[in-house]
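J.: need a structure here:
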Amino acid sequence: MSIATETLGFQTEVKQLLQLMIHSLYSNKEIFLRELISNASDAADKLRFEAIAKPELYENDGELKIRVTLDKDARTVTIADNGIGMSRAEAIEHLGTIAKSGTRAFFDSLTGDAKQDTNLIGQFGVGFYSAFIVADKVVVESRRAGLPASEGVRWESEGQGEFSVSAIDKPGRGTEIVLHLKAGEDDFLDEWRVKSIVRKYSDHISIPIEMKKGNSYGENGEVIVSDEFEAVNQASALWTRSKNEIDDEQYKEFYKHVAHDFTEPLAWSHARVEGRQEYTELLYIPSRAPFDLYDRERKQGIKLYVRRVFIMEDAEKLMPHYLRFVRGVIDSNDLPLNVSREILQESRDIDTIRAGCVKKVLGVLEDLSANQTEKYATFWKEFGQVLKEGVGEDFANKERIAKLLRFATTSSDEQTVSLADYVARMKEGQDKIYYITADTPAAARHSPHLEVFRKKGVEVLLLTDRVDEWMVAHLTEFDGKALVSVAKGALDLGGLEDEADKAAQQQAEEAARPVIAKLKEALGDKVAEVRATARLTDSPACLVNPEHGMSAHLERLLKSAGQAVPVSRPTLEINPEHPLLARLAAENESERIGELAAVLFDQALLAEGGKLDDPAGFVKRVNALLLEMSR
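T.: The predicted structure is shown next:
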């Protein structure tokens, strides 16, 4: 009996999601059954976990199951479970709001194109709200395990702008969802059709999904309606089965269940490990990055089981942070059932499992890299920046990770070049791997620091991801070749320079001494040094940071993040053969020398993506020079 009814409005994002799903996913509407059964399975897992410490939560009913019932007369589909259930507060929270990190980014990414938005919705996950694809009214009755029967709750909505919540008596724990089908959806009242959907999408669920047995016929041909229920699925955890018994479609459907993802995975690894530690792992590489990939508060994607009993959903200790995109299940035979997060932090057994799983994941990526380049290109586009974090986080696997990295270079616009590719096509006499860091690909590609490398046909890595500065701080060499920034320290081309180059450089330095002296006096403490360079062929000047100092790009990143940056002075390198330097060399008026020197410095700073201290002064000086040229 209803005791109190409260009418509430959906969260704005829920309204948006409902409208999008109803229109965008209509062509694949059968997935509502998969989503609701998946939620019921999760509720059973959560009850198992909480009942480890509180066995009384089973309420003398330890046989967990999911039941799907069809009522042709009432035109309803009912999905019921005897899992953990919900309290009134939980029903309002879970069914009226989306408490998922990345929600705002998700809605900002929507295009209004139904086909494109279908993929985005799949990334975000559809869950409970998929019920409204086929139903114009949904009623949920639930009671949380451990609460008295009088604290049941009924949640009801037509999927428009609001929902109602009532208090009810509910003797049994768990959740029952009743879908009142829209006109034209009678296909989902056909038992054979619904059973085929359950077997297609949910055969891997580890508890029985029951439906009524099919009708039989008596001796005289009369129809005998059965009231008995039977399991439609195999009701055994997929990861416990032999790989020979599982086809690709079953692996893919299990991924969608465990990851709450609508898209198919790129690849997976399924193995049983025996030895000092016995465990089974089924790990997936997703094909699309979630919206909250860079949210440090987001949950990890590994579910931990102990002897097929669910323990926790986000066991972050089982996978390093740089592999946080991995989804799947690890089932240990050796850990205690009462294992906690605190125990996981100190467990050597967990360290062993983690190390083994990391090797498996890297092995999968190596296989994609070597044998399925298109899939690896997809992986890199979605997760490449995250994998780069591993260079500094995982010393034991740094070399394996380095081989998996991909870069854009002066010879390739796309991030497709591996370090092994780069080394294989190094110029004769080249003994270093050259790179440049910048804010954007265009800034990197047009940097004046690259001019001599273009002239000599030397390939340079273009690093424009924010994580790249962190990466190169830890990846100092590859295959015995040092990684060297072209924007730090004096230019050292090693064996790429011949004696004629060195002689020409020395001659240029001698000839440039008078103009260097003028620039030093004019710029004062804005620069640490002024020197002639052979790295420039077209530009008049560039700024260079100390070899072991912080790059200008890193300084900008830290400043934008509000971090304190040590005061440093760059070196101004000049191209003595440039007409602007010849003009400055011929100038004797100190004020004009100061103006030209300031323009030269500011141009070099802008070319590196830097920010001027006095933009108005720069514009004034440039305008003055332009007016002088026009006279």
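J.: okay, and the helix or strand of this protein with the least pLDDT?
T.: Counting by mean pLDDT, DSSP states H and E, the chain has its least confident helix or strand at helix 114-124, which shows a mean of 48.
J.: Now do stretch 584-603: everything it contacts.
T.: Here stretch 584-603 makes contact (C-beta atoms under 8 Å, 6 or more residues apart in numbering) with 514-515, 518-519, 521-523, 526-527, 540-541, 543, 572, 574, 580, 583, 612, 617-618, 621-622, 624-625. All C-beta atoms are positioned from the backbone trio N, CA, C, and that covers glycine.
J.: Could you rerun that using 7 Å?
T.: 514-515, 518-519, 522-523, 526, 540-541, 572, 580, 583, 612, 618, 621-622, 624-625 (C-beta atoms under 7 Å, 6 or more residues apart in numbering).
J.: Now, the residues you listed that are in helices?
T.: 514-515, 518-519, 522-523, 580, 583, 618, 621-622, 624-625 (DSSP state H).
J.: could you pull out the strands for the stretch 1-150 of the chain?
T.: Taking DSSP state E, counting those that start in this stretch as the test, the strands found in the stretch 1-150 of the chain are 5-9, 66-71, 76-81, 135-143.
J.: what's the closest of these to A438?
T.: Checking those against A438 by C-beta to C-beta gives strand 5-9 as the closest, at 47.7 Å.
J.: tell me which residues of the closest one are tucked away?
T.: Buried positions in strand 5-9, judged by neighbour count with 16 or more other C-beta atoms under 10 Å: none.
J.: pLDDT (mean, whole number) over it?
T.: For strand 5-9, mean pLDDT rounds to 83.
J.: shift numbering so it begins at 41
T.: Sure, I'll start numbering at 41, so the last one becomes strand 45-49.
J.: Okay, strands next: where are they in the stretch 241-390 of the chain?
T.: Taking DSSP E, counting those that start in this stretch to define them, one finds strands in the stretch 241-390 of the chain at 249-252, 256-257, 263-264, 269-271, 307-313, 319-325, 342-346, 349-352, 367-372.
J.: Dump these into TSV; add mean neighbour count, distance to L536 and mean pLDDT as well.
T.: Listed next are the strands of the stretch 241-390 of the chain as TSV, based on neighbours: other C-beta atoms under 10 Å; distance: least, C-beta to C-beta, whole Å; pLDDT from 0 to 100:
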stretch	mean neighbour count	distance to L536	mean pLDDT
strand 249-252	20	67	94
strand 256-257	10	85	60
strand 263-264	8	88	64
strand 269-271	14	71	91
strand 307-313	18	40	94
strand 319-325	24	39	95
strand 342-346	23	47	86
strand 349-352	21	55	77
strand 367-372	24	46	92
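J.: Those: which one's closest to D532?
T.: Of all the strands of the stretch 241-390 of the chain, strand 319-325 comes closest under C-beta to C-beta, at 40.1 Å.
J.: any idea how the chain splits into domains?
T.: With domains defined by automatic domain parsing, the chain comprises 45-255+265-273, 279-414, 445-535, 542-670.
J.: related to what we said a few turns ago, columns distance to E454 on top of the strands of the stretch 241-390 of the chain, output as JSON lines?
T.: Below are the strands of the stretch 241-390 of the chain laid out as JSON lines (distance: least, C-beta to C-beta, whole Å):
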{"stretch": "strand 249-252", "distance to E454": "45"}
{"stretch": "strand 256-257", "distance to E454": "62"}
{"stretch": "strand 263-264", "distance to E454": "64"}
{"stretch": "strand 269-271", "distance to E454": "50"}
{"stretch": "strand 307-313", "distance to E454": "21"}
{"stretch": "strand 319-325", "distance to E454": "20"}
{"stretch": "strand 342-346", "distance to E454": "31"}
{"stretch": "strand 349-352", "distance to E454": "39"}
{"stretch": "strand 367-372", "distance to E454": "27"}
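J.: what sits against G535?
T.: With C-beta under 7 Å, 6+ apart, G535 has these contacts: G469, Q470, D471.
J.: which stretches of the stretch 341-490 of the chain aren't confidently modelled?
T.: Low-confidence segments of the stretch 341-490 of the chain (pLDDT under 70): 354-355, 378-386.
J.: need the next SSE after whatever helix or strand I473 lives in, C-terminal direction.
T.: Assigned by DSSP states H and E, I473 belongs to strand 472-477. Proceeding N to C from strand 472-477, the next assigned helix or strand is helix 481-485, under DSSP H and E.
J.: Please spell out which residues along that following helix are buried.
T.: A483, A484, R485.
J.: before we move on, what about stretch 610-623?
T.: P610, T611, L612, E613, I614, N615, P616, H618, L620, L621.
J.: ok, now stretch 211-218?
T.: Of the residues in stretch 211-218, those buried (16+ other C-beta under 10 Å) are R213, G214, T215, E216, I217, V218.
J.: So which of the buried residues of helix 481-485 is the closest to L333?
T.: A484 (23.7 Å).
J.: Quickly list what T45 is bridged to.
T.: Bridge pairing for T45 (DSSP bridges) gives the partners S206.
J.: That one and S204: what is the separation?
T.: Separation of T45 from S204 (C-beta to C-beta, to the nearest Å): 6 Å.
J.: Please flag which of the buried residues of stretch 610-623 sit within strands.
T.: Mapping these onto strands (DSSP state E) picks out T611, L612, E613, I614.
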